[in-house]
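Engineer: below are the sequence and a predicted model for it; my questions follow.
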Amino acid sequence: MSETATKQTHSFQTEVKQLLHLMVHSLYSNKEIFLRELISNAADAADKLRFKALKDSSLYGDDADLKIRITTDKDARTLTISDNGIGMTEQEVINHLGTIAKSGTADFLKQLTGDQKKDSKLIGQFGVGFYSAFIVADKVTVLTRSAGAGINEAVIWESAGDGEFTIEQTEKERRGTDITLHLKEGEEEFLEEFRLRSIIGKYSDHISLPVEMHKMASNEGDDESNNEFETVNKATALWTRPKSDISDEEYQEFYKHISHDFQDALTWSHNQVEGKQEYTSLLYIPSKAPFDLWNRDRVRGVKLYVQRVFIMDDAEQFLPVYLRFVRGLIDSNDLPLNVSREILQDSKVTQSLRNAAVSRILKMLEQLAKKDKEKYQQFWDEFGQVLKEGTGEDFANKEKIAKLFRFSSTHTDEKAQTVSLDEYIERMKPGQDKIYYIAADSFLAAKNSPHLEIFRKKGIEVLLMSDRIDEWTISHLNEYNDKKFVSVTKGDLDLGSLEDDEDKKAQEKASEEHKDFIERVKLALGEKVADVRVTMRLTDTPACIVAGEGDMPLQMVKMLQAAGQEVPDIKPVFEINPDHALISLVETEKNDEQFNQWVDVLFDQALLAEQGQLDDPASFASKLNKLLLKLAN
């Protein structure tokens, strides 16, 4: 080691300190996963070396046989995980072992509650990687040398997980990384070979890299085998094996390896294709949404392999954004080994693989919905809102995407979104040719909307939509199975054959009888409304507001405004229930000032029911109080 080398002390990033503390306490019941995480990182280091060596084979030097080794020292109470992969430079050590680069880390940490059971699930969604070593170790030492660097350009990193770490230049004979765990008192089980082999068999059998340990002695007097190593995992890329040879447990452990998730996947699809194109895809649907699911700009995508050689993580070219929750890999025989993200962007092979992957995922979800409604409901609760983005992003598949949608409706008692569009169509009233829906800020606002009164009276089912994205989704879908979507808040509500002649005659008669009253209301409201008219859609409510024919739905206006976008100045149509007692009271009011106050209150009530808020609630309260006092006297 150079005499000028000095030991530097650094502080962990604040988020790392918090994560270390929470992780050690929350994941202690499942502490053996540290070995899975460290072996997974070592395998990634080997993959990265293979990729770089495609352009510069000299990086292998005289050591092209990539592997991972696990060794123990019972006297020193240490466990070491070694690899001869890409290694790290000093700056990479600081970047990778002192910070967490994931976007949204601060938001993730805010979600942690201190409840160990709940936090362990959250941390599992976040991924723990290297820091899991501190679950069983009170000190961790990392010795690493980057591929292509000299013997004296190695770095030694050390920390007790107490907020600081040290870095020092040193020497290392070969490239790669050795992670040495100084085990805590009571963690001696991780020095026992049988225990370690069991963990490797459970979590790392699928790693394509050989994981080696000292060859076990045939008898206690045989010490020669102590210097020999043997492979303790299958060391074959799981996705290259026949599906019939792979157990569900192996599929699940491979999922955890590539996703760093603690929980099992909900379902998966393993597809091996030969013919015009040759590729293998292994795609998983997680059981829980990651904490940063709603960040559309986050790094996403599947792992890409070419001829079983790792090329890149997060190859976003193979999945549309609305399927960003999918995990897995694609291994192609048709792409060049020197493929770049730029080449992928314009490649016909990429587009073909993308189409195949999307088709495979949508089919997988459709099969899950048929075979296991409970599991599918779990998927929908976690990822349904993201899938709804698909109607505006994937025109070619929008009917297949819509088939997977689930909604609440007036025919279900619970808030849960369980009704498919196919089920809705099956339950349609005779003569019904439209899919009726209402979009609102919340489930209760939708469920209790006055717009539903005529539909309840006639027994017509209405889909209740309360996700922010719903109105946008429907605007791109327009129809499903030749049935048009119609919002019940539209002014010119057309019930088709469900509306009998008596209803139409009653509305025409009421419009004529209350013509003078309608004109008086129009005068009172002035520029606030586009029109005022009588309606038969209400039974228990005095008035409501609706969007004019051709106007943007009011919920869509609110969504765009919340996103900071400009929207046209749309004035609502004010509809009045002529049979309501309150309307009859207002109609007989001779005092113009009080009449105007009544009309303003009725209009504001309708706005409140539709939008959930008023621009001037104090004025509304003041007018209402004056009218109540008058009635009281």
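Structural biologist: Now that the structure is in, tell me what you want to look at.
Engineer: buried stuff in stretch 466-480?
Structural biologist: 466, 468-474, 476-477, 480 (16 or more other CB atoms under 10 Å). Where you see a C-beta, it was placed from the backbone N, CA and C, and this is true even at glycine.
Engineer: tell me the two of those that are most distant?
Structural biologist: Maximum pairwise distance among the buried residues of stretch 466-480 (CB to CB): 20.7 Å, between Arg468 and Tyr480.
Engineer: same list, the buried residues of stretch 466-480, but as a markdown table with pLDDT and distance to Ser487 please.
Structural biologist: Shown next, in a markdown table, are these (pLDDT from 0 to 100; distance: CB to CB, whole Å):
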| residue | pLDDT | distance to Ser487 |
| --- | --- | --- |
| Ser466 | 90 | 14 |
| Arg468 | 86 | 16 |
| Ile469 | 89 | 15 |
| Asp470 | 91 | 10 |
| Glu471 | 87 | 8 |
| Trp472 | 88 | 13 |
| Thr473 | 92 | 13 |
| Ile474 | 92 | 8 |
| His476 | 91 | 14 |
| Leu477 | 90 | 12 |
| Tyr480 | 95 | 15 |
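Engineer: narrow those to those in strands?
Structural biologist: Tyr480 (DSSP state E).
Engineer: reformat the buried residues of stretch 466-480 as a markdown table; add distance to Pro210.
Structural biologist: Formatted as a markdown table, these follow (distance: CB to CB, whole Å):
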| residue | distance to Pro210 |
| --- | --- |
| Ser466 | 53 |
| Arg468 | 50 |
| Ile469 | 47 |
| Asp470 | 51 |
| Glu471 | 55 |
| Trp472 | 51 |
| Thr473 | 49 |
| Ile474 | 54 |
| His476 | 50 |
| Leu477 | 51 |
| Tyr480 | 52 |
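Engineer: Gly148 touches Tyr60, doesn't it?
Structural biologist: No. Taking contacts as CB atoms under 8 Å, Gly148 lies outside contact range of Tyr60: 10.1 Å.
Engineer: in the helix or strand where Leu523 lies, what counts as buried?
Structural biologist: Using DSSP states H and E, Leu523 sits within helix 515-525. For helix 515-525, a neighbour-count test (16+ other CB under 10 Å) marks 517-518, 520-522, 524-525 as buried.
Engineer: contacts for that helix?
Structural biologist: The contact list for helix 515-525 (CB atoms under 8 Å, 6 or more residues apart in numbering) reads 511, 529, 531-534, 574, 576, 587, 595-596, 599-600, 603.
Engineer: dump that helix to PDB, keeping only the CA atoms.
Structural biologist: C-alpha atoms of helix 515-525 as PDB (Å, rounded to 0.1, in the frame of the first residue of the first chain):
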ATOM      1  CA  LYS A 515     -91.600  29.100 -18.600                       C
ATOM      2  CA  ASP A 516     -91.900  32.400 -16.800                       C
ATOM      3  CA  PHE A 517     -90.200  31.000 -13.700                       C
ATOM      4  CA  ILE A 518     -87.300  29.700 -15.800                       C
ATOM      5  CA  GLU A 519     -86.800  33.100 -17.500                       C
ATOM      6  CA  ARG A 520     -86.800  34.800 -14.000                       C
ATOM      7  CA  VAL A 521     -84.100  32.300 -12.800                       C
ATOM      8  CA  LYS A 522     -82.000  33.000 -16.000                       C
ATOM      9  CA  LEU A 523     -82.200  36.700 -15.200                       C
ATOM     10  CA  ALA A 524     -81.100  36.100 -11.600                       C
ATOM     11  CA  LEU A 525     -78.100  34.000 -12.500                       C
END
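Engineer: distance from the chain centre to that helix, please.
Structural biologist: 50 Å (CA atoms, centre = their mean, to the nearest Å).
Engineer: likewise stretch 424-437?
Structural biologist: For stretch 424-437, the distance to the chain centre is 32 Å (CA atoms, centre = their mean).
Engineer: now swap in stretch 132-149 and tell me
Structural biologist: Counting by CA atoms, centre = their mean, stretch 132-149 comes out at 31 Å from the chain centroid.
Engineer: end-to-end on that stretch?
Structural biologist: 28 Å (CA to CA, to the nearest Å).
Engineer: again, but for stretch 254-265
Structural biologist: End-to-end distance (CA to CA), stretch 254-265: 10 Å.
Engineer: and for stretch 540-557?
Structural biologist: Span of stretch 540-557 from end to end, CA to CA: 27 Å.
Engineer: before we move on, what about stretch 394-407?
Structural biologist: So stretch 394-407: terminal residues 20 Å apart, CA to CA.
Engineer: quick check on the contacts of helix 515-525: which are buried?
Structural biologist: 529, 532-534, 574, 576, 587, 595-596, 599-600, 603.
Engineer: in JSON lines: the residues you listed, plus secondary structure.
Structural biologist: Listed next are the buried ones among the contacts of helix 515-525 as JSON lines, based on DSSP: H, G, I helix; E, B strand; the rest coil:
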{"residue": "Val529", "secondary structure": "coil"}
{"residue": "Val532", "secondary structure": "strand"}
{"residue": "Arg533", "secondary structure": "strand"}
{"residue": "Val534", "secondary structure": "strand"}
{"residue": "Phe574", "secondary structure": "strand"}
{"residue": "Ile576", "secondary structure": "strand"}
{"residue": "Glu587", "secondary structure": "helix"}
{"residue": "Phe595", "secondary structure": "helix"}
{"residue": "Asn596", "secondary structure": "helix"}
{"residue": "Val599", "secondary structure": "helix"}
{"residue": "Asp600", "secondary structure": "helix"}
{"residue": "Phe603", "secondary structure": "helix"}
